[in-house]
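Q: need a structure here:
(chains A and B)
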Amino acid sequence: MNYFAGNFDVAVIGAGHAGIEAALAAARLGQKTVMFCINLDSVGNMPCNPSIGGTAKGHLVREIDALGGEMGVAADKTTLQSRMLNLGKGPAVHSLRAQIDRKAYTALMKHTVELQENLILKQAEVVSLEKGEDGWHCITRLGADYLCKTVILATGTFLGGKIFVGEVNFSSGPDGMFSAEGLTDSLLKLGIPLRRFKTGTPARVLRSSINFDVLEVQPGDEKIIPFSYKTEKTPENTVVCHISYTNDKTKQVILDNIHRSPLYAGEIEGIGPRYCPSIEDKIMRFKDKQRHQLFIEPCGADTEEMYLQGMSSSLPEEVQIQIYHSIKGLENVQIMRNAYAIEYDCIDPICLNASLEFKEHSGLYGAGQFNGSSGYEEAAAQGLLAGINAARKNQGQEPIVLSRSSSYIGTLIDDLVTKGCADPYRMMTSRSEYRLLLRQDNADERLMPIGYEIGLIDDATYTEFLNRKSAKESEIERVRKLTLSPNAAINKKLEELGTTPLSTGIKMAELIKRPEVSYFDLAEFDNARPELPYETALKVETEIKYEGYIARQKAQVEDMLKLESRRLPLDVDYTEVEGLRLEAREKLNKVKPENIGQASRISGVSPSDISVLSIWAQKRRMENK
Amino acid sequence: MSEKTVAAISTPSGEGGIGVIRISGKEAIKIADTVFKAANGISLCAMPGYSAAFGYVYDKEEQIDEAVATVFLEPKSYTGENVCEISCHGGQYVTSAVLRAVLAAGAQMAAPGEFTKRAFLNGKLDLIKAESVMGLISAKSREELRVQLAAKRGKTSEEIEKIEAALLELSADFAAYSDYPDEDLPELSADNFFRLINFAEAELGSLLTSFDSGKILREGVAAAIVGKPNVGKSTLMNMLSREKRSIVTDIAGTTRDVIENSVSFAGLNLILADTAGIRQTKDAVEEVGVELAKERISSAQLILAVFDSSDELDSNDKEILSLLSPDNTIIVLNKTDKQPKIDKAVFGGFKTVLISAKNGEGEKELENAVREITAADKINPAAALLLSERQRDLVQEAHSAVTEAKNMLKSGFTIDAVEVCVEEALSTLYTLSGKRVTNEVADEVFRRFCVGK
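A: Next up, the predicted model:
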């Protein structure tokens, strides 16, 4: 009883953060695109924290923006409060994080999608995915058959979703949405192995039931830097957040009730995120820790719901009440939505190519939580690349694969498809070996030329970027040449800053290299200094101060690129390569690395295996000549 | 790598009690079985690993030698592959004949260093251990053998691993610091940073020192015997060499050229030079010899200055004395078998040993003096030592990166930049141990191996 619903270039299943970027990118690249969502009121929903960014995640958002994605633009327009995290810990780890009005964000994103040319948004549940001779058939529960050249799976926590609250559990998507059923079987039929991951979210509570008088206030930054390079109107802080801590009583409640946790009782089979644990997990895992910090964040400008960051739980509702009530300031808190854990189907991303296309299924792509990651930003980053690559495949172009040394996005995708993930993958600065190069401040320089080349960055934005870059470069040049002579005023300033006064003339750039001195400190001794935007001035400071270390890291990149440039054939059966250990043969066959560098990052492949592989590849090249 | 089965003679060429032909690779046992017939009639292929059989080696029908075949099954062998070692009688002809038979049976000639290369590639050895194998083979003295053995057993690797662990801990602390700003972690304690970084710096520093002290073990000590004519330099040379290397006569000025001999003495490899006696001379040939002797005084690492204890110092002695430094000179007072006349006070500040080269007395004392002055007595052969320029360069690189990281921490530089240096140090150490292998490194190491090892 199916009916033919039309031909499309790209279909996107799921309209969360991954789906939106995928669909927008494909449509903007001229592809006739359809995006399915179980409920159109959940397009771009934030079912967990009402914030975007954070350590390393902030980097991802800026990179998405530099490539022409949407997340940063929408976040800037719906920001309630913004902070640059890790100030004082160095520019490599500065990370933007913004509290977002989640309803406003969802509405804006949905509207952006609706207005997008070439893009159709459909409320429908895809229950079957079939490979036909002429493309992929996406069949909905109501029998509509969409024939698509490429399909992007971005099902998030909807696929086979199951919610757990203590002893209670039931099939459900996030935030009271239906779960997606049916598609799972269809994927299994295609031979795609699925597994269960889980994640969780804390309660939402009523603002007026919180005693703010006893809580620490966390204000936003005075000087806000937006996520998007396109944002002209800098967001303003309109709210504050608050901080509280768990205590001995919280711990006792959890210890007394831990047997009622579905995770500890063994009812949840899914693996949870190691780096975003529930409160009961934190208490059980870090028994010696006296207290755990939590943040109380508003969910929006026109709602009284407050989010309790750091307090996710899958304990029974009555236990949740006791837990929250044990915390200072929350003694009488009223829960509006309870905390829960959600379990869902996902793949081991090792079965994907670096383009996010399935190795075994041409034209089928995965993105977001479906690929085993966690987090809005990680999802959006993959969605963007999957959308770009699906479009490029239809257009007969090579896929875009970002290198680890170019971006956190490249690092994220390389980690996923090379190492796979044993638990929901969260981006962290420590995942990158090139932190000092991959700063949030230079995402535009790293990626905007690529975004422009792909066709997602328009001429105006690109021209502005080039101007910004050349202003920065000429200022750095000027500061390098400018000599400061010793005088009473400057030496007084230097002593105030806690550094040695001058006895002879010095180049200003050299002075900025001292840890105690900043570019801004020297403004009063620099009459010719041009008026620069704050962000550009910050870049000047960073690039001068860290010049030597940036150069060292670039040298390390060169080393790696040598290994990356040694390509491996993709049509090899590694069980036939003599000298490799058994485990290495299996892993190499699974991953089918594209080069020696990628092979060396596969866990279970040892340096001696890499030596064998290098020699084997060398020989093979010589034989093929 | 191991698709070929390779073979080579693994014992030094020339006469020897036993010669060993080693065969390694998938077909090693099968190939050995075609050339070797056990006396008890059991096929080598039927034998378990770590077992041996006595029997005969044949080239086709012709019996070449009687031998013992030892079977090792993968992965429990030196190379990690199937290995058969045929121990036959030593000697150029027999070993070559056995090898020819093995090659005729299907093995290929092993390339230089191939056995160890295979051991490395099969994960049996790390790079440092592989390098020490090379050192073991060419060890020229007892002490050197001991340090190379220590390195082979993993002493140096262990030491490097300890440093790696400290740097990793540091790196993990840094990561926690920046990745969990919300976690209310106690501000990272600078004490712990400095404890770890000081540890790494000190350990790397002492490894570097070990390279300098280990150098005399690896490369030997260039030593010169000097003195005026006829004080017994050549007799001393012969005593140390345990052979008649220099011509000894009572005629002053017999030795005119510099005669060199490499001797194992005091646990060290001394590259000993016997020089012409230093004196005022009108003989043009002798004068050239005297000049050469003086040159040796300035170039040698160790000088044995010989004086006749049965005579008083003359102007020649005094001239020689004026050329010497107590830092690298041992005053050898020879001819203690005669009545002493010399005034020992003039050698104040110098290490002085009494000997009778003719009677072989005082050798023990001289040995101790040599060990002290070369600091060989300070080297702990069981400790971690760096044994090659490659190792030293990498440790030097890691050491400067760690020192820089430490200075940056001290001056208040942000952690993200400090980390660049810490990770550079780590990655250098990974290169050293072969945890991060590059073709260049592997090739360089194996290029220096000789066939069969």
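Q: I figured A:M71 hits A:E377, correct?
A: Yes: contact between A:M71 and A:E377 holds when scored by Cβ atoms under 8 Å: they sit 7.0 Å apart. In short, each C-beta sits where N, CA and C put it, glycine included.
Q: Residues in contact with both of the two, list them for me.
A: Common neighbours of A:M71 and A:E377 (criterion: Cβ atoms under 8 Å, 6 or more residues apart in numbering or on different chains): A:17, A:52, A:61, A:64.
Q: Within reach of chain B, which of those residues are there?
A: Residues of the shared contacts of A:M71 and A:E377 in contact with chain B (Cβ under 8 Å from any Cβ of the partner chain): none.
Q: In three-state terms, how would the nearest residue to A:P349 once chain neighbours are set aside be classified?
A: Leaving aside its sequence neighbours, A:P349 sits nearest to A:L416 (Cβ to Cβ, 6 or more residues apart in numbering or on different chains; 4.0 Å). Classification of A:L416 using DSSP: H, G, I helix; E, B strand; the rest coil returns helix.
Q: Pull the number of nearby residues for A:L416.
A: Using other Cβ atoms under 10 Å in any protein chain shown, A:L416 has 24 other residues around it.
Q: Please apply the same query to B:S411.
A: Neighbours of B:S411 under the rule other Cβ under 10 Å: 11.
Q: quick one, what contacts it?
A: A:514-515.
Q: what's the pLDDT at it?
A: pLDDT, B:S411: 87.
Q: any idea how far A:M71 lies from A:M508?
A: 38 Å (Cβ to Cβ, to the nearest Å).
Q: domain ranges for chain A?
A: What automatic domain parsing lists as the domains of chain A is A:1-457, A:463-554, A:565-624.
Q: Show me the shaky parts of chain A.
A: Residues of chain A meeting the criterion pLDDT under 70: A:622, A:625.
Q: Where do the domain boundaries of chain B fall?
A: B:6-124, B:142-216+B:384-437, B:219-378.
Q: what's the span of the longest one, first residue to last?
A: Taking Cα to Cα, to the nearest Å, domain B:219-378 runs 17 Å from one end to the other.
Q: what mean pLDDT does that domain have?
A: Mean predicted confidence for domain B:219-378 is 83.
Q: Torsion angles phi and psi at the closest residue to chain B within the stretch 501-625 of chain A?
A: When scored by Cβ to the nearest Cβ, the stretch 501-625 of chain A has A:G579 as its residue closest to chain B, at 3.7 Å. Backbone torsions for A:G579, taken as degrees, to the nearest 10, come to phi 100, psi -20.
Q: mind putting the domains of chain A in JSON lines, distance to B:V68 included?
A: Formatted as JSON lines, those follow (distance: least, Cβ to Cβ, whole Å):
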{"stretch": "domain A:1-457", "distance to B:V68": "49"}
{"stretch": "domain A:463-554", "distance to B:V68": "57"}
{"stretch": "domain A:565-624", "distance to B:V68": "29"}
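Q: What is the longest helix of chain A by residue count?
A: Ordering each helix of chain A by length in residues (DSSP state H) puts helix A:459-481 first.
Q: Just confirm yes or no for the one helix or strand A:L494 maps to near chain B.
A: For A:L494, the host element (DSSP states H and E) is helix A:488-496. No: in terms of Cβ under 8 Å from any Cβ, no part of helix A:488-496 sits within range of chain B; the closest distance is 14.5 Å.
Q: what comes up buried for that helix?
A: Within helix A:488-496, the residues scored as buried using 16 or more other Cβ atoms under 10 Å in any protein chain shown are A:490, A:493-494.
Q: returning to that earlier point: neighbour count winner among A:M71 and A:M508?
A: When neighbours are counted by other Cβ under 10 Å, A:M71 comes out ahead of the other of A:M71 and A:M508, with 30 against 21.
Q: Apart from its chain neighbours, what residue comes closest to that one?
A: A:A380 (4.6 Å).
Q: can you give me the helices in the stretch 1-150 of chain A?
A: Taking DSSP state H, counting those that start in this stretch as the criterion, the stretch 1-150 of chain A contains helices spanning A:17-28, A:57-67, A:71-77, A:102-115.
Q: Nearest to B:I197, out of those?
A: Of all these, helix A:57-67 sits nearest to B:I197, with 27.3 Å by Cβ to Cβ.
Q: Just give me the residue right at the centre of the chain.
A: All of this refers to chain A. A:E378 (2.5 Å; Cα atoms, centre = their mean).
Q: That was the other one, I meant chain B.
A: Central residue of chain B (Cα atoms, centre = their mean): B:R218, at 3.6 Å.
Q: There's contact between that one and B:L385 in this structure, I believe.
A: No: with contact defined as Cβ under 8 Å, B:R218 does not count as touching B:L385 (9.1 Å).
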